[in-house]
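> here's a sequence, model it:
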Amino acid sequence: MIKRTKLLSTGSIGKLLGMDRTTVWGWIKSGKLPAERTIGGQYRVDQQALADLLREKGIPVPRELADDHPTRVLIADDDPAVLGFLEATLSRDGSGFEIATATNGFAAGKLVASFRPHLAVIDIQMPGLGGLDVCADIKKDKATKVIKIIVVTGYPTPENRERARRIGVEKFLEKPVGPEAFMDAVHSVLG
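Residues are numbered from 1 along each chain as shown. This is a model prediction of the structure:
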């Protein structure tokens, strides 16, 4: 189950960011910032959507937006042992990651839309929709292209590396990957 975050008014966003609310209206009207309209016609913005937009624009995310929401990580791998290892490694890190898992590309794609991860860790070879296809879908969609991607694969061919690079994958790791190398990549990608 995915928790909904707090809704903010354009005025409260303006105060929080120290800007005029017309800038916020511009983001909403251009489609960069998703918003709901109240019965009275006012805009309400999900605070996580605002934090995601600020990250995309390179604007520092105020502590009020960042503290309530741990970094969300999606792990997609069809091998239960690898999936368990990656999940346990993230959990032991102490960073408080919120983790969702998928065992195939179709489930990973659904979770990208509903879970809205900051980072996706994806295996290349999965049943159904392949991992690089999932990566390509993430990077070509305006709403999800800010998601960072780490590919973890047992198929580190030059062709797979090149395709991942063209798609925009941030890191390419070869299986088996150790816990230190994996967490170094995670922290490097998330900054």
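> quick check: the gap between residue 120 and residue 62.
Noted for residue 120: a distance of 25 Å to residue 62, by C-beta to C-beta, to the nearest Å. (Each C-beta comes from the backbone N, C-alpha and C, glycine too.)
> between the two ends of stretch 43-51, how far is it?
Terminal residues of stretch 43-51 lie 16 Å apart, using C-alpha to C-alpha, to the nearest Å.
> what about that stretch, distance to the chain center?
16 Å (C-alpha atoms, centre = their mean, to the nearest Å).
> list the buried residues for it?
By neighbour count on 16 or more other C-beta atoms under 10 Å, the buried set for stretch 43-51 is 43, 45, 46, 47, 48, 49, 50, 51.
> mean confidence for that stretch?
On average, the pLDDT along stretch 43-51 is 84.
> repeat that for stretch 90-99.
Here the average pLDDT along stretch 90-99 is 86.
> rewinding a little: need the buried residues of stretch 43-51 in a markdown table with secondary structure and distance to residue 157, can you?
A markdown table is the format used below for the buried residues of stretch 43-51 (DSSP: H, G, I helix; E, B strand; the rest coil; distance: C-beta to C-beta, whole Å):
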| residue | secondary structure | distance to residue 157 |
| --- | --- | --- |
| 43 | strand | 48 |
| 45 | strand | 43 |
| 46 | strand | 40 |
| 47 | helix | 42 |
| 48 | helix | 37 |
| 49 | helix | 37 |
| 50 | helix | 40 |
| 51 | helix | 37 |
